[in-house]
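# task: produce atomic coordinates for the following.
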Amino acid sequence: MLVNIHEAKTNLSRLLQKVKEGQEIIIAKAGRPVAKLIPYTEKPSKRVPGSAKDKITVSQDFNEALPDHILQEFE
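You can find the predicted model right below:
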């Protein structure tokens, strides 16, 4: 949803309720986007080393050269 600065100042509580419901609000000045209101989220919890143990596998040929037909896709 795009709103101008005047509308954002006038209806801030209503806009914040929409953001709380998951909607993103773009605030514009003279029709040009200036800021985005998005829902606040807490920082993710700290990573725990080893928490993915036995959940990820690496194939034996991981370090082998890629086949020519795949290498061509990168050139």
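# how about the closest residue to residue 20 other than its chain neighbours, secondary structure?
Of all residues not flanking residue 20 in the chain, residue 39 sits nearest, at 6.5 Å (CB to CB, 6 or more residues apart in numbering). Bear in mind the C-beta positions are built from the backbone N, C-alpha and C, glycine included. Three-state assignment for residue 39 (DSSP: H, G, I helix; E, B strand; the rest coil): coil.
# could you do residue 9 as well?
Per three-state DSSP, residue 9 ends up helix.
# that one and residue 55, how far apart?
Distance, residue 9 to residue 55, using CB to CB, to the nearest Å: 49 Å.
# more crowded one of the two?
For residue 9 and residue 55, the more surrounded residue by other CB atoms under 10 Å is residue 9, and the numbers stand at 11 against 6.
# ok, now how distant is the more buried one from residue 58?
Distance from residue 9 to residue 58, by CB to CB: 54 Å.
# check residue 36 too.
Going from residue 36 to residue 58 by CB to CB gives 39 Å.
# who has more neighbours, these two?
Neighbours per residue, other CB under 10 Å: of residue 36 and residue 58, the larger number sits with residue 36, 10 against 7.
# residues in contact with the more buried one?
For residue 36, the contact set (CB atoms under 8 Å, 6 or more residues apart in numbering) comprises 24, 25, 26, 27.
# one more pass at 7 Å, please.
By CB atoms under 7 Å, 6 or more residues apart in numbering, residue 36 lies in contact with 24, 26.
# who are the neighbours in contact with the most centrally placed residue in the chain?
Note on the chain: the residue nearest the mean C-alpha position is residue 38, at 10.7 Å, using CA atoms, centre = their mean. By CB under 7 Å, 6+ apart, the contact set of residue 38 is 19, 24.
# just the pLDDT for it.
Note for residue 38: predicted pLDDT of 94.
# what does residue 67 give?
Residue 67 carries a pLDDT value of 89.
# picking up where we left off before, how close does the residue nearest to the centre of the chain sit to residue 10?
According to CB to CB, residue 38 stands 20 Å off from residue 10.
# and what of residue 48?
For residue 48, the distance to residue 10 - CB to CB - is 46 Å.
# for the helix-or-strand element of the chain with minimal mean pLDDT, which helices and strands make contact with it?
Counting by mean pLDDT, DSSP states H and E, the chain has its least confident helix or strand at helix 68-71, which shows a mean of 91. Contacting helix 68-71 under the criterion 3 or more CB pairs under 7 Å, 6 or more residues apart in numbering; DSSP states H and E is no other helix or strand.
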